[in-house]
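Q: Show me how the following folds:
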Amino acid sequence: MAERQNLLAEQRRALILDEVRRRGGVRVNELTQRLGVSDMTVRRDLDALARLGALEKVHGGAVPVEGTEPTGHEPGFEEKTGREPAAKEEIARAAASLVTPGSAVALSGGTTTYALARVLAGVPDLTVVTNSVRVADVLHTGRAPDGAEAGGPTVVLTGGVRTPSDSLVGPVADRAIAALHFDLLFLGVHGISAEAGLSTPNLAEAETNRRLVASARRVVVVADHTKWGTVGLSSFASLSEVDVLVTDAGLPAVTRAELSELPLRLVVAGEEGSAPPDTADETYRASRAG
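A: Prediction:
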């Protein structure tokens with residue numbers, strides 16, 4: 001019953017956020033009529049979204065946070081590449097330490113996973129499944145970041161319909177992923193929050209990401225601090241489905257405290273004492289298995 005209630009709360013808050021951003025503001029009484037819930041429920045939802053920085057509460061309702069992207073806006077790859085480039089490089093190096101030679105890994109689309117792919121190009125005997133054209137391109141070069149020759153991983157590109165961020169999605173990609181199994185999934189995200197979990201503005205990409213999560217033994221989210229509190233149109237996984245979150249030092253202390261209460265490993269790139277566990281550490285694996 002609790003899981004059902006949480007799902008309904010997530011759906012309500014996604015609808016509220018969409019209304020706020022689409023209309024430029026909403027009133028509590030309008031939301032109670034639209035959603036069929038009490039004033040108190042709506043106010044709790046607004047409080048939760050305000051704590052995430054997704055909207056701003058005002059007397060009698062809520063308005064968008066200045067500078068917030070629309071929930072359904074999907075920036076292109078080049079636009080996203082220019083955001084937090086140093087943090088993405090640090091995250092990529094930290095995430096790469098989770099990978100052992102000879103393993104099968106998957107990389108979703110995104111500029112952070114693209115940075116990770118550049119590092120993984122020098123890891124021997126990898127099999128990499130990806131739905132990212134950009135990731136596949138950098139891995140096919142077979143070169144490590146320093147330009148040295150490398151054997152290059154075996155790359156499995158899913159196929160599918162191309163998105164503005166150069167990911168491949170849709171039924172073709174979904175069927176390909178459903179038939180595969182991999183040790184680690186490195187997942188880039190548009191947004192991440194305690195309430196909405198992992199989200200994207202692209203509905204087809206959300207479904208493809210669900211398939212990626214379902215096919216992975218362990219899920220590693222790679223996301224810089226600016227992704228926290230961002231909510232896209234469609235949620236595709238909860239934080240309870242994430243094994244490791246690799247982020248950067250810009251993540252606020254209040255958010256770190258919130259994450260410490262969840263059953264996931266938080267890795268802050270570049271901070272001493274926050275190194276990822278060895279992937280061969282059976283104790284860690286056993287603790288995750290429950």
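
Q: In the stretch 51-200 of the chain, where is pLDDT below threshold?
A: Where the stretch 51-200 of the chain drops to pLDDT under 70, the residues are 66-84, 141-151.

Q: Please enumerate the helices of it.
A: Assigned by DSSP state H, counting those that start in this stretch, the helices in the stretch 51-200 of the chain fall at 77-81, 85-96, 111-120, 133-140, 171-178.

Q: Comparing these, which stretch has the densest surroundings?
A: helix 111-120 (a mean of 24; mean count of other Cβ atoms under 10 Å). (C-beta placed from N, C-alpha, C; glycine too.)

Q: what sits against the residue nearest the centre of the chain?
A: In the chain, the residue lying closest to the centroid (Cα atoms, centre = their mean) is Val189, at 2.7 Å. Neighbouring residues of Val189 by Cβ atoms under 8 Å, 6 or more residues apart in numbering: Gly110, Leu198, Ser199, Thr200, Val221, Ala223, Lys227.

Q: Leu15 too?
A: Counting by Cβ under 8 Å, 6+ apart, Leu15 has contacts Arg34, Leu35.

Q: where's it, which helix or strand?
A: Element membership of Leu15 [criterion: DSSP states H and E] is helix 2-23.

Q: Which neighbouring elements make contact with the next helix or strand after that helix?
A: Using DSSP H and E, the helix or strand that follows helix 2-23 in sequence is strand 26-27. Packed against strand 26-27 by the contact rule (3 or more Cβ pairs under 8 Å, 6 or more residues apart in numbering; DSSP states H and E) you find helix 2-23, strand 61-64.

Q: Among the ones you listed, show the one with the smallest mean pLDDT.
A: Set side by side, these differ in mean pLDDT, and helix 2-23 is lowest with a mean of 65.

Q: okay if I get the helices of the stretch 51-200 of the chain as JSON lines plus distance to Glu241?
A: What follows is the helices of the stretch 51-200 of the chain, written out as JSON lines (distance: least, Cβ to Cβ, whole Å):
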{"stretch": "helix 77-81", "distance to Glu241": "23"}
{"stretch": "helix 85-96", "distance to Glu241": "17"}
{"stretch": "helix 111-120", "distance to Glu241": "17"}
{"stretch": "helix 133-140", "distance to Glu241": "22"}
{"stretch": "helix 171-178", "distance to Glu241": "16"}
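
Q: Quick one: closest of these to Glu258.
A: Glu258 sits nearest to helix 85-96 of all those, at 19.3 Å, using Cβ to Cβ.

Q: before we move on, back to that, the residue nearest to the centre of the chain and Ala117: what is the separation?
A: Distance, Val189 to Ala117, by Cβ to Cβ, to the nearest Å: 16 Å.

Q: Now do the SS call for Gly270.
A: What DSSP: H, G, I helix; E, B strand; the rest coil gives for Gly270 is coil.

Q: Is it in contact with Glu90, as I believe?
A: Yes: the criterion here is Cβ atoms under 8 Å, and Gly270 meets it with Glu90 at 5.1 Å.

Q: what touches both of the two?
A: Counting by Cβ under 8 Å, 6+ apart, the residues touching both Gly270 and Glu90 are Asp248.

Q: that older thread, nearest to Val28, out of the helices of the stretch 51-200 of the chain?
A: Nearest to Val28 among the helices of the stretch 51-200 of the chain is helix 77-81; the distance by Cβ to Cβ comes to 34.9 Å.

Q: How is this structure divided into domains?
A: 2-64, 77-289 (automatic domain parsing).

Q: ranking those domains by burial, who's on top?
A: domain 77-289 (a mean of 19).

Q: ok now that one, how far from the chain's centre?
A: Domain 77-289 sits 7 Å away from the centroid of its parent chain (Cα atoms, centre = their mean, to the nearest Å).
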